[in-house]
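Chemist: coordinates only, sequence not included:
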């Protein structure tokens, strides 16, 4: 099972919106809505930001939203802030009853 | 409150095995699956496998099949992950992370255990 494909980096100025994409296959992203997104700051543990494609856990800012079309899921950060800098990973359940992470995207706020 | 307490850092030689523990507290142990995820230096997150504490059932990433074992002790609310035939590429931080059964996302994470494989 290969990692889901994410662009290595994305950047934006404070207040802008940025979108991170996550491309899989019909065996993972395309088969289920079991796609989640994790924010990972260096030295900390990952934190779930989105689950089931578009649901936000309690306590996560509504500036974070998720969507999916076909084999590609997306995470959008609206009005990006300095605190949003970090690494972001998508994760999908697969038809093999396993999970697979994306390759990760480094978000930089200019 | 929910706590996932992992065992301490390990240094192992190539070819050896390592067993990392994750002691859970603050919730009903059998209602949450436990996953293991690792991150090698400079690399991304990598899913290794999952165990259902209720029945001990497991599923592993193909990459680790035959080399990883996950077990649980329901009397001490502890999950174990053992990785054998270690090589330098297994040097990583290993996280246990729980998923409320059937929700398909990783809700809480342990602090991580650094495993270093070096001759």
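Modeler: Ah, there it is. Predicted model, so just to flag it, every value in this text is computed and none were measured.
Chemist: In a helix, residue A:2, correct?
Modeler: No - using DSSP: H, G, I helix; E, B strand; the rest coil, the assignment for residue A:2 is coil, not a helix.
Chemist: From the contact counts, what lies against the longest strand seen in chain A?
Modeler: For chain A, the longest strand by residue count, based on DSSP state E, is strand A:86-93. In terms of contacts (3 or more C-beta pairs under 8 Å, 6 or more residues apart in numbering or on different chains; DSSP states H and E), strand A:86-93 is packed against strand A:18-23, strand A:35-40, strand A:72-77, strand A:99-101, strand A:105-109, strand B:45-51. In short, each C-beta sits where N, CA and C put it, glycine included.
Chemist: Work out the sheet partners of that strand and label each with its direction, please.
Modeler: Strand pairing for strand A:86-93, determined by DSSP bridges: strand A:35-40 (antiparallel), strand A:99-101 (antiparallel), strand A:105-109 (antiparallel).
Chemist: and these, which is most packed in?
Modeler: Mean neighbour count (mean count of other C-beta atoms under 10 Å in any protein chain shown) peaks for strand A:35-40 among the strands paired with strand A:86-93, with a mean of 26.
Chemist: neighbouring strands for whatever helix or strand comes next after that one, and are they parallel or not?
Modeler: The element immediately downstream of strand A:35-40 (helix or strand, assigned by DSSP states H and E) is strand A:47-50. Using DSSP bridges, the strands paired with strand A:47-50 are strand A:35-40 (antiparallel).
Chemist: now what about the partner strand, what contacts it?
Modeler: A:20, A:22, A:29, A:46-53, A:64, A:66, A:68, A:73, A:75, A:84, A:86-93, A:104, B:45, B:104-106 (C-beta atoms under 8 Å, 6 or more residues apart in numbering or on different chains).
Chemist: what mean pLDDT does that strand have?
Modeler: On average, the pLDDT along strand A:35-40 is 98.
Chemist: Return the residues in contact with residue B:14.
Modeler: B:86, B:87, B:88, B:117, B:118, B:119.
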